[in-house]
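> take this sequence and fold it.
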Amino acid sequence: MQYIDLEPFEKFLLSKGLVDEKYIQHYTRWVLRFLRSGFDLKQLASRDLLQSYSDQLARDDSVADWQLRQAMKAVELYFNVFQREREITNEGDLPRPETEDGGAPPAMGKALAQMKELLKLRHYSPRTEQAYVDWVRRYFRYTMMHSLEWTRPETVRAYLSYLAIKRNVAASTQNQAFNSILFLFRETIKIDIPDIRAVRAKRGPKLPVVFSMEEVQHVLAEIDGIAGLMLKLTYGSGLRVSETVRLRVQDLDFKNETLFVRSGKGDKDRATVLPGKLVEALQHHLERIKELHASDRSKGFGLVWLPGALARKYPNAPGEWKWQYVFPAEKLSVDPESGQTRRHHMSEQVLQRAIKNATRKAGVHKHATVHTLRHSFATHLLMQGVNIREVQELLGHKSVDTTMIYTHVVRTLGDKAKSPLDLL
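Here you go, the predicted model:
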């Protein structure tokens, strides 16, 4: 195997103070793994290298979510900061002035830093924060490549049109890019953007993929173990995959058969149903997890991550049983932000892979993901005659208009019109 010398990269990180010294070896290993991953940089010149590497790591069950973020940051530092000769991105070669943040001029770097801080203060989810920051970086690179003033509304209009025409992105992708840039302008640098009349990516009305009740039964029958329990709970309570993996012990109310979702999408709490069929299985599962937690505590670990300032407000909470994850990871790992060794929650990729394999084994030929179970939960409730407002609350939708999409699916799965051919 060819030797790759990353010592200059290590010295660069240390001299610039970009990474804490005790984590530099981890960053170097991620870059080495990337360089040995088989990507042809010339062939990928028109693609997003980070996304390609991210997709590869996401398929590895041993890589936790925080490790995935650390790997992405390492590769980005390597290409966008350390490698100054050229920047391989889907926008092409860009100028590389001496700056802290990926080649962006000081004004851009300052605005991006302020935006990151504001996103954290507003309690945006880590995924939303990362998506917004990535889109703003892409916008900055576009303006640098075309020598445009990034604070002008017409530049925003040109970039959004570029995404629709040249990149042929989906409408939802363009909207996310626009919302990211809008947050930068209105919330961060306090510049109001008038109505942007850019070329918009078109998206017709789409219906969600939904399992029939029989298909749900067949698919879930193909999954056993903890993954099976998690997916049954996802369907039975109408959870998002991120909500399932982040459940804590105190979120399960067995007596009232209620499940609480804390800081869900939009940083909102809600209560939903806890399937009675799963109560006994969940209780047995928690008995095993409690033994695992006690073992971790005896070894000096067992402190779970808490959001916001909860760890400071309740200093004993990280070690308490009620705050532990219902579905913890199999292995302990080092939190890159705090440096503490913890047991993170199970990776979402475990469930995504399980549902993919289960649909194949069950002979269900639909483009299904874990989120399909949530769609099915809503649709099957409406088919039972549950009020749409109640379904809205169980799902945590902000507007009933979002929930209304399932009424169209109900008409498809329920009593539908017969084809004239069947009446001949």
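> contacts and neighbour counts: CA atoms only from here.
Fine.
> tell me the phi and psi of H345?
In terms of degrees, to the nearest 10, the main-chain angles of H345 are phi -80, psi 170.
> likewise S333?
Residue torsions, per degrees, to the nearest 10, at S333 are phi -150, psi 160.
> ok, it touching H345?
No - between S333 and H345 there is no contact under C-alpha atoms under 8 Å: 10.5 Å.
> more neighbours: those two, which one.
A direct count of neighbours by other C-alpha atoms under 10 Å for S333 and H345 places H345 higher, at 24 against 17.
> Q352 versus the more buried one, what's the distance?
Going from H345 to Q352 by C-alpha to C-alpha, to the nearest Å gives 15 Å.
> with M144 instead?
To Q352, M144 is 38 Å away according to C-alpha to C-alpha.
> kindly report the same for Y132.
24 Å.
> the more surrounded of those two?
Ranked by neighbour count (other C-alpha under 10 Å), Y132 and Q352 place Y132 first, with 24 against 18.
> which residues touch that one?
Q176, A177, N179, S180, I181 (C-alpha atoms under 8 Å, 6 or more residues apart in numbering).
> how's the protein carved up into domains?
In terms of domains, the chain is parsed into 1-93, 98-204, 213-411 (source: automatic domain parsing).
> what segments of the stretch 301-424 of the chain are strands?
Assigned by DSSP state E, counting those that start in this stretch, the strands in the stretch 301-424 of the chain fall at 333-334, 341-342.
> re the thing from before, quick one, which of the contacts of Y132 are buried?
Using 16 or more other C-alpha atoms under 10 Å as the burial test, the contacts of Y132 include A177, S180, I181 as buried.
> name the helices or strands packed onto the strand or helix carrying the first one?
The reference is to A177. Under the criterion DSSP states H and E, the helix or strand holding A177 is helix 171-182. Applying 3 or more C-alpha pairs under 8 Å, 6 or more residues apart in numbering; DSSP states H and E, we find helix 171-182 packed against helix 126-145, helix 153-165.
> list the buried residues of the helix or strand following it.
Following helix 171-182 in sequence order, the next helix or strand is helix 213-221 (DSSP H and E). For helix 213-221, the neighbour count (16+ other C-alpha under 10 Å) marks V216, H218, V219, L220 as buried.
> what of stretch 230-238?
Applying a neighbour-count criterion of 16+ other C-alpha under 10 Å, one finds M230, L231, K232, L233, T234, Y235, G236, S237, G238 buried in stretch 230-238.
> with stretch 129-140 instead?
By neighbour count with 16+ other C-alpha under 10 Å, stretch 129-140 contains the buried residues E129, Y132, V133, W135, V136, R137, R138, Y139, F140.
> what of stretch 167-176?
Neighbour count says stretch 167-176 has V169, A171, Q174 buried, by 16+ other C-alpha under 10 Å.
> out of those, which is nearest to V31?
Nearest to V31 among these: V169, at 28.7 Å, using C-alpha to C-alpha.
> let's verify that closest one: helix, strand, or coil?
Going by DSSP: H, G, I helix; E, B strand; the rest coil, the secondary structure assigned to V169 is coil.
> which stretch of helix or strand covers the closest residue to I189 other than its chain neighbours?
If the residues on either side of it in the chain are set aside, I189 comes closest to A111, at 6.9 Å by C-alpha to C-alpha, 6 or more residues apart in numbering. Per DSSP H and E: A111 is located in helix 106-121.
> distance from the chain centre to that helix, please.
Centroid separation between helix 106-121 and its chain, computed with C-alpha atoms, centre = their mean, to the nearest Å, is 21 Å.
> quick check: mean pLDDT of it?
For helix 106-121, mean pLDDT is 86.
> quick one: buried residues of it?
Residues M108, G109, L112, M115, K116, L118, L119 are the ones in helix 106-121 that count as buried (16+ other C-alpha under 10 Å).
> kindly export that helix (C-alpha atoms) in PDB.
Listed next in PDB are the C-alpha coordinates belonging to helix 106-121 (Å, rounded to 0.1, in the frame of the first residue of the first chain):
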ATOM      1  CA  PRO A 106     -12.400  37.800   6.300                       C
ATOM      2  CA  ALA A 107     -15.800  39.300   6.000                       C
ATOM      3  CA  MET A 108     -17.300  36.000   4.900                       C
ATOM      4  CA  GLY A 109     -15.400  34.100   7.600                       C
ATOM      5  CA  LYS A 110     -16.700  36.500  10.200                       C
ATOM      6  CA  ALA A 111     -20.300  36.300   9.000                       C
ATOM      7  CA  LEU A 112     -20.100  32.500   8.900                       C
ATOM      8  CA  ALA A 113     -18.800  32.300  12.500                       C
ATOM      9  CA  GLN A 114     -21.600  34.600  13.700                       C
ATOM     10  CA  MET A 115     -24.100  32.500  11.900                       C
ATOM     11  CA  LYS A 116     -22.900  29.300  13.500                       C
ATOM     12  CA  GLU A 117     -23.100  30.900  17.000                       C
ATOM     13  CA  LEU A 118     -26.600  32.300  16.300                       C
ATOM     14  CA  LEU A 119     -27.800  28.900  15.100                       C
ATOM     15  CA  LYS A 120     -26.700  27.300  18.300                       C
ATOM     16  CA  LEU A 121     -28.300  30.100  20.400                       C
END
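> quick one, it and helix 171-182 angle?
110 degrees (axes from the mean of the first three to the mean of the last three C-alpha atoms, to 10 degrees).
> does anything pack onto helix 106-121? Which helices or strands?
helix 126-145.
> for the helix it packs on, give the mean pLDDT please.
87.
> which one is A64 nearest to, not counting chain neighbours?
That would be S347: by C-alpha to C-alpha, 6+ apart, it lies 5.8 Å from A64.
> how about the strands of the stretch 301-424 of the chain, which one is nearest L282?
strand 341-342 (22.6 Å).
> same question for the closest one, mean pLDDT?
86.
> what is the burial count for the residue lying closest to L306 once chain neighbours are set aside?
Leaving aside its sequence neighbours, L306 sits nearest to P318 (C-alpha to C-alpha, 6+ apart; 6.7 Å). Neighbour count of P318, defined by other C-alpha under 10 Å: 18.
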